[in-house]
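Asks: one predicted model, sequence on top.
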Amino acid sequence: MPNLHDIERRIKSVESTKQITHTMQMVAAAKIRHSTERVEAATPYGEAVKEMLANIARMGGTTAPLATAHDEVKKTLIVVIASDRGLAGGFNSSVLRRAEQIMKERKAEGKEIAVAACGKKAIGYFKYRGIDTVLAFCDLSADPRVEEADALADYAMEHYLSGEIDEVVVLYNHAKNAGEQVLIQQPLLPVNPKAFLPKGEVFVKGGGITEPTPDNPDLPGAIDYEPSEEDVLDHFLPEYIAGHFYYMLIDSAAAEQAARRNAMKNATDNANDMIETLNRVYNSVSQGAITTEINEIVGGAAALED
């Protein structure tokens with residue numbers, strides 16, 4: 001049975017931890033708003049990009065190099081977006097486990113793998129396992145910058161166009177809402193315009209024709225591109241890829257803060273439960289000590305009377 005001093009010391013220790021976790025919870029909650037605002041500001045551009053790519057698909061697709069799949073996938077670039085700091089629950093582990101799973105699958109198929117790591121947790125994970133990274137960025141998960149997105153995009157496009165890389169896959173956590181994060185595996189290169197067609201829309205090669213369905217009763221109007229859709233895409237796709245990299249970085253940053261807030265809230269709740277349990281133990285031990293002392297006094301008084 002622990003003594004009262006040990007229990008008091010334990011209660012004070014848990015209360016100190018609770019103050020830290022509660023403070024981190026409040027800080028993360030404040031940062032969520034800033035991160036979410038950045039995502040919301042970037043969303044209209046992303047939606048406009050998807051609509052343009054869908055229009056290209058409606059017109060029969062494209063032969064732009066960045067939208068043309070290689071004959072065979074021999075080497076895959078995996079871009080892993082994690083965080084610089086921990087204390088975010090399973091935020092990093094889910095992304096890193098999926099990355100390792102993809103690497104094992106590709107190697108089993110006889111394919112090569114290249115890894116780009118964003119965040120100290122991802123860099124440390126691959127370094128510990130002896131896996132070299134072609135690109136590594138840190139100190140950006142809390143405040144992603146356009147420069148890092150441009151560097152990722154430039155590397156991916158340069159090596160895809162040269163044939164050194166045959167596909168690019170990005171792994172990150174999407175901030176579905178303030179309380180939930182979803183692991184996303186995003187194929188980025190080659191760009192597939194048909195993937196942006198609304199659900200239920202039928203693509204007919206060569207005609208750019210769509211058929212109405214109950215979910216999509218209206219036929220979209222045709223769009224003319226000058227000088228041509230190929231020229232537009234040659235200029236536009238690099239901007240789209242860089243912009244999408246940036247969007248994924250800020251989306252991951254928002255998800256990180258939400259995950260950290262949830263983890264710290266759970267830690268604070270657990271600390272409250274532990275303090276309540278320790279207080280009950282303290283009261284029980286204290287009552288036992290009082291009862292023992294009373295019995296000793298009564299026993300001593302009885303001995304004196306005898």
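Replies: Yep, it's here.
Asks: can you pull out the helices in the stretch 51-200 of the chain?
Replies: Taking DSSP state H, counting those that start in this stretch as the criterion, the stretch 51-200 of the chain carries its helices at 91-108, 120-128, 146-161.
Asks: tell me what the last one is packed against?
Replies: If you count contacts as 3 or more C-beta pairs under 8 Å, 6 or more residues apart in numbering; DSSP states H and E, helix 146-161 packs onto strand 75-81, strand 112-118, strand 135-137, strand 180-189, helix 229-305. Heads up, the C-betas are built off the backbone N, CA and C, glycines and all.
Asks: packing partners for the first one?
Replies: Taking 3+ C-beta pairs under 8 Å, 6+ apart as the contact definition, the neighbouring helices and strands of strand 75-81 are helix 91-108, strand 112-118, helix 120-128, helix 146-161, strand 167-177, helix 229-305.
Asks: and what of the fourth one?
Replies: Other elements packing on strand 180-189 under the criterion 3+ C-beta pairs under 8 Å, 6+ apart are helix 91-108, helix 146-161, strand 167-177, helix 229-305.
Asks: please apply the same query to the third one.
Replies: For strand 135-137, the packing partners by 3+ C-beta pairs under 8 Å, 6+ apart come out as strand 112-118, helix 146-161.
Asks: any chance of a markdown table for those, columns mean pLDDT?
Replies: Conversion of these to a markdown table gives the following (pLDDT from 0 to 100):
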| stretch | mean pLDDT |
| --- | --- |
| strand 112-118 | 91 |
| helix 146-161 | 90 |
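Asks: could you identify which of those is most buried?
Replies: Highest mean neighbour count of the helices and strands packed on strand 135-137: strand 112-118, a mean of 21 (counted as mean count of other C-beta atoms under 10 Å).
Asks: to residue 44, which of the helices and strands packed on strand 135-137 lies closest?
Replies: helix 146-161 (17.1 Å; C-beta to C-beta).
Asks: what sits up against that closest one?
Replies: Here helix 146-161 makes contact (C-beta atoms under 8 Å, 6 or more residues apart in numbering) with 65-66, 77, 79, 116, 118, 134-135, 137, 140, 165-166, 168, 188-190, 238, 241-243, 245-246, 249.
Asks: could you tell me the least trusted of the helices and strands packed on strand 180-189?
Replies: Mean pLDDT is lowest for helix 229-305 among the helices and strands packed on strand 180-189, at a mean of 79.
Asks: tell me how far that one lies from the chain's centre.
Replies: Centroid separation for helix 229-305 versus its chain: 21 Å, with C-alpha atoms, centre = their mean, to the nearest Å.
Asks: repeat for stretch 63-82
Replies: The answer for stretch 63-82 is 21 Å, by C-alpha atoms, centre = their mean.
Asks: need the distance between the two termini of that stretch.
Replies: 34 Å (C-alpha to C-alpha, to the nearest Å).
Asks: re the thing from before, tabulate the helices and strands packed on helix 146-161 (TSV), appending distance to residue 87.
Replies: Shown next, in TSV, are the helices and strands packed on helix 146-161 (distance: least, C-beta to C-beta, whole Å):
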stretch	distance to residue 87
strand 75-81	18
strand 112-118	18
strand 135-137	21
strand 180-189	15
helix 229-305	6
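Asks: quick one: closest of those to residue 34.
Replies: helix 229-305 (8.4 Å).
Asks: same for the closest one, what does it pack against?
Replies: Applying 3+ C-beta pairs under 8 Å, 6+ apart, we find helix 229-305 packed against helix 4-58, strand 75-81, helix 91-108, helix 146-161, strand 167-177, strand 180-189.
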